[in-house]
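>>> okay, sequence plus prediction incoming.
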2 protein chains.
Amino acid sequence: MSDEKIETTSKDDAETEETRPSRRSFLKGTGAAIGGGAVIATGMIGCGDETTAGGPAETTGAAGGGGGGEAAGGGGGHAASSVAPGELDAYYGFWSGGQSGEVRVMGVPSMRELKRIPVFNRDAATGWGATNWSKDLLKGRASGDTHHVHLSYTDGTYDGRYAFVNDKASARLARIRLDTFECDAIVDIPNSFGTHGIFPQRNATGLVFCNSEFRSPLPGTNADPQDPSTYSALHSAIDGESMEVKWQVMVEGNMDLCASDYEGKYSFACSYNLEGGVTLPEMMANDQDCLYVFNTEAINAAIAAGDGTMTLGESQVPVIDARGDDGPFVLRIPIPKSPHGVNISPDGKYAMCSGKLSPTVSVVQIDKIAAAFAGDIEPRACVVAEPEVGLGPLHTAFDGRGNAYTSIFIDSVVTKWNIDKAIEAFGGAEGVDPIVQKIDVHYQIGHINASMSETKDCDGKWLVALCKFSKDRFLPVGLLHPENDQLIDISGEEMVLVHDGPTFSEPHDAVIVTKDKINAVAIDTRDHPRYELFNRWAEEDGIDLQVDNRVVRRGDNEVRVYITSQAPDFKLTEFNVKQGDEVTIILSNTDNVEDLSHGFCVTNHDVNFLVNAQGTESHTFTADKAGMFWYYCPWFCHALHLEMRGRMFVEAR
Amino acid sequence: MSDEKIETTSKDDAETEETRPSRRSFLKGTGAAIGGGAVIATGMIGCGDETTAGGPAETTGAAGGGGGGEAAGGGGGHAASSVAPGELDAYYGFWSGGQSGEVRVMGVPSMRELKRIPVFNRDAATGWGATNWSKDLLKGRASGDTHHVHLSYTDGTYDGRYAFVNDKASARLARIRLDTFECDAIVDIPNSFGTHGIFPQRNATGLVFCNSEFRSPLPGTNADPQDPSTYSALHSAIDGESMEVKWQVMVEGNMDLCASDYEGKYSFACSYNLEGGVTLPEMMANDQDCLYVFNTEAINAAIAAGDGTMTLGESQVPVIDARGDDGPFVLRIPIPKSPHGVNISPDGKYAMCSGKLSPTVSVVQIDKIAAAFAGDIEPRACVVAEPEVGLGPLHTAFDGRGNAYTSIFIDSVVTKWNIDKAIEAFGGAEGVDPIVQKIDVHYQIGHINASMSETKDCDGKWLVALCKFSKDRFLPVGLLHPENDQLIDISGEEMVLVHDGPTFSEPHDAVIVTKDKINAVAIDTRDHPRYELFNRWAEEDGIDLQVDNRVVRRGDNEVRVYITSQAPDFKLTEFNVKQGDEVTIILSNTDNVEDLSHGFCVTNHDVNFLVNAQGTESHTFTADKAGMFWYYCPWFCHALHLEMRGRMFVEAR
Ligand SMILES: [Cu+2]
Ligand SMILES: [Cu+2]
């Protein structure tokens, strides 16, 4: 690797991808080990094996695809994605923030990060996780592992109300309001471990389905922690309005990605480990796993009737035990080895399942599923195509013109293929090749998505390739490199790479949404659930939050300090407390100008939070040091923002 | 405001800045209130006052400046700043992260965020603030307010060794290594409140000067917390190698921005509140404040001799009391009302001080300072120019061709002016106008910087305008808007705006550095200070960190779990502890491939941290729940990353 490193950091700016073949063959070569069959080499990514034997057919890049978008734009390197100063992007992108625990809002096609929304993380800028309400919401936790972000739907397309995002680490689902762009709810999913794939219903804001990836010994199932054959996993349904867990269905296998159909009939889960293994070789023992199909209507009816449901441990959520054979609730459609992604075509007809250890995509025809549930056909008969798309296919996006775009991890390409042709070929048609084009991506692509791809309004304009390794694509920045979110123009016949976008670790998935679907507000609507807390306090203390500036002592060592702010002043510029007091600052920002935010920072007390225009926030801390301490507004709210401060006097006790 | 809002969200993408005059006049009008004189209106930014009377002269944009860089590039909207896929930026940008507590690494001119470096914040992705060493470093604190980031120097230019950044909230200075891009030290500055401006010496990696902005009642000074006239403030010098506080100089006034000269003789601090006021009207009572000049050589000599130094409270740092009149250590150069920024021209000749409540920049000729210290000239005689540049001038950058670029907050412009002409005009030359050009920025610019502007290698290529309000420049994203970091091409005769860059709150300052100054490493060098801790543990337990996988029980309820990882496997796939155990995971990543990072996430335990290639990290948590819990690698390290996991069995106690 040291040679590799030196080459990387010393290469000329103008050098293009085409002149650096060694990196591609380096990746291809290691990929070949997988394609060969049973033996899974460790160190698959860049183990230093420079062999090129047995690699896949050379991929074909679009004209100009590897070296920039010049062919498409005729101007600069990413002319096709350029958004001039003062102009607006045409799309919002909602990016999961991976291990950062946040959600990101991007502008597409400029690929500029417009906002970070703290969710499962602590954010020092806004005070998320430190302010009273958010602290309660997070229950003291400071980390999360967000994978999938999806917006709420009505009638098959985004309704602009909510975004939902999972936390795999602590089995939670969070909701973000798409007017204020704030998180307003987080729910713990009981007895779920490794909540991974999620998807909302697409017919209306109804249920959000969540898959638990890690089979575990569940309470109430007589499971033996030492015996993995007794483990099971839960497919959970959460009401998107109330954010309550409505029901769970127990199955024997692990569940990975999730999808819902367009009609509200089914939800889907890929299972990559039907073997029930707990070690890597065990998990890959068999050549076939399955796509679970959950029959929403049948489950809802059984739950409503209370028939045959159980509860697990301390949870009161009704659970249906559907382990084992197919029945009215769950169907198992056989899919080649270790499927990972499942995506529904925008016409609602097909579910695309990619087997990461099989070079194929299995196309499941959704309108055949009813017959399989009824026992009229074999489950496998729902599979109507299985094109070979490359080594390590993961996820599939769509253009609304009959083409599918599958991310190929090991080959580091995106494969564009035609759905109808794939079905014809599977049906036996001679000489029909569904593969339209393969384009190099840089490198090791995970998720992929296209503009409006997961709605009936799929428009085939932009595709984003979320690459896990950027290697030599950006200036070196030490140990941890950025990912590379590449933007590809799919509006024409050929895919054209137009932009390399570095991102902090590690967005797993993204959706791209036309801007007219979102109606943001800029002034606090004061209907965020935290206002229940503040209004209760204000009533207890006889305070008008927007007007009063007062210190209210409650009991021996509890103090509430109500302050209002208007640029460039706090209306309370000094207050007294006693050493050891538990001090709660309740700050109301009375400015009525969009983005005129204030904050409250107490020097040397680790207190810092944000209050947006017309909003209120609160933070509790202990005044443990006697003396005088400045507090200040850390936001550049005014030319005199440096002067916006006051003094807290802490009397020694 | 609601009308404003509707207009913002419904306007057409293609609409340009020129067609929206109402917003500019809206800002100009409120600015006029300041320009008028003594009365400082509240709600200066967008209070809704639509008056246009009394505004400043209309600013002149470059050709194409307002509407994009088309004139400059001939292609797309920001052709001049475009960096094609696979090509590298020519410059690193180091951005302070404001209230986010982090530092950001940007690519310039693409304005892409290449990395976030957690410093004073908790970062869920890397585990910064949760892992053992970083937790100790932060002493439990989770927030910070970073303002100024500066790199270490040798011989007047960047030496690529360190970046330094302040925390205004808790009076700290942090250091980042520029090989691994990791924070390796944070020091508390004793008796300092609101540590704001910082600047390293430019002749060699020596002292880093830090200004405390908030005058406070300091221990050992007989100060009365109730009597602000007894407050004082400290100018501190920290050794850039050892990160020890070497000395502090006490002055009567507050200190704002900081700078050092090029020869190692002086450091500078602007004071905007010589009045010693504690409320806004008190702080603005006088028409004149000062630039403090600290005589480094004289101070070093006195400190070395121990002459007349004192200590304050529990701190052992030697302090020189230089309150009151000028003496051998401190000189006070009178500057009009409330100066904020101080910047040194790259030829080392001039210090530019901008009075935010005066429309001027005061140019201090540095080689006159020795005479003023000697009493041969009045301090004010060091001022050799004072051009009028606009309303609310804050900071100044340079192009190395004799021009200065001052950020003008209230006018929302950047003013380019010629230094020699300003001196000629101040000297009485008739008809000499130093103003070269004014360009609109959007909106309310704070800091400004140009490529290599703070070094002798100043190259006059790119200028960044860190605007505090973006208003209508990006898609609306709810309550908190992004800032707008605008990139301006200054390589030609005229400034040309080429890129609008949204940023998360709130980078205060930035430096732009040619890429050849930085030599990043990609594989952990294992000389980060945390290895002292890990090596000690390993020795105590007889462990080879890179080889051994073992559970070591220490005493009744302390357990160290040593694990190695190599994609796609943990080499310990199960371990046993007892309920209530304090469990320390010590994970060593044995992969030797750049960016092949692994992590360790324990489900439902809020444990998540990152280990880069060849590195080791640790995290301690309490195993408070009995049962089996999966741990997994949350990084996409391999096609089989989902299978990279193990089981922690917690035996009930
Ligand atoms: Cu403020
Ligand atoms: Cu891993």
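Right, received. Where do you want to start? Numbers count the residues shown, from 1 in each chain, chains lettered A, B, ... in the order given. Ligands and ions are numbered 1, 2, ... in the order given.
>>> low-scoring pLDDT stretches of chain A, where are they?
In the predicted model, chain A carries pLDDT under 70 at residues A:1-80.
>>> wait, what's in contact with the one residue in the stretch 101-250 of chain A that gets nearest to chain B?
Nearest residue of the stretch 101-250 of chain A to chain B, counting by C-beta to the nearest C-beta: residue A:181, 2.9 Å away. Yep, even glycine has a C-beta here, placed from its N, CA and C like the rest. With contact set as C-beta atoms under 8 Å, 6 or more residues apart in numbering or on different chains, residue A:181 has these partners: A:105, A:115, A:117, A:520, B:477-480.
>>> swap the cut-off to 6 Å and go again
By C-beta atoms under 6 Å, 6 or more residues apart in numbering or on different chains, the residues touching residue A:181 are A:117, B:477-478.
>>> nearest residue to the residue most central in space within chain A other than its sequence neighbours?
By C-alpha atoms, centre = their mean, chain A has its centre lying nearest to residue A:148, at 2.7 Å. In space, residue A:148 comes closest to residue A:509 once its chain neighbours are excluded; the distance is 4.6 Å by C-beta to C-beta, 6 or more residues apart in numbering or on different chains.
>>> gap between that neighbour and residue B:227?
Distance, residue A:509 to residue B:227, using C-beta to C-beta, to the nearest Å: 59 Å.
>>> more crowded one of the two?
Using other C-beta atoms under 10 Å in any protein chain shown as the criterion, residue A:509 and residue B:227 rank with residue A:509 on top: 26 against 9.
>>> pretty sure that one sits against residue A:447.
Yes - with contact defined as C-beta atoms under 6 Å, residue A:509 and residue A:447 form a contacting pair (4.3 Å).
>>> which element, helix or strand, includes the residue lying closest to residue A:321 once chain neighbours are set aside?
Nearest residue to residue A:321, sequence neighbours excluded (C-beta to C-beta, 6+ apart): residue A:250, at 4.9 Å. Using DSSP states H and E, residue A:250 sits within strand A:245-251.
>>> I'd like to know which elements that strand is packed against.
strand A:233-239, strand A:319-321 (3 or more C-beta pairs under 6 Å, 6 or more residues apart in numbering or on different chains; DSSP states H and E).
>>> need the winner for burial among those.
Neighbour counts (mean count of other C-beta atoms under 10 Å in any protein chain shown) averaged over each of those peak at strand A:233-239, with a mean of 25.
>>> now do it against strand A:245-251, angle only.
Relative orientation of strand A:233-239 versus strand A:245-251 (axes from the mean of the first three to the mean of the last three C-alpha atoms, to 10 degrees): 160 degrees.
>>> can you tell me the element the residue in the stretch 401-550 of chain A that chain B sits nearest to falls in?
Closest to chain B within the stretch 401-550 of chain A is residue A:478: 2.9 Å, counting by C-beta to the nearest C-beta. Using DSSP H and E, residue A:478 is not contained in any helix or strand.
>>> can you report how many residues neighbour it?
22.
>>> show me where the stretch 351-500 of chain A has helices.
Taking DSSP state H, counting those that start in this stretch as the criterion, the stretch 351-500 of chain A carries its helices at A:369-373, A:419-426.
>>> contacts for the lengthiest strand in chain A next, please.
Longest strand in chain A, counting residues (DSSP state E): strand A:157-167. Applying C-beta under 6 Å, 6+ apart, the contact partners of strand A:157-167 are A:94, A:96, A:103, A:120, A:144, A:146-152, A:173-176, A:178, A:195, A:198, A:208, A:455-457, A:513, A:517-519.
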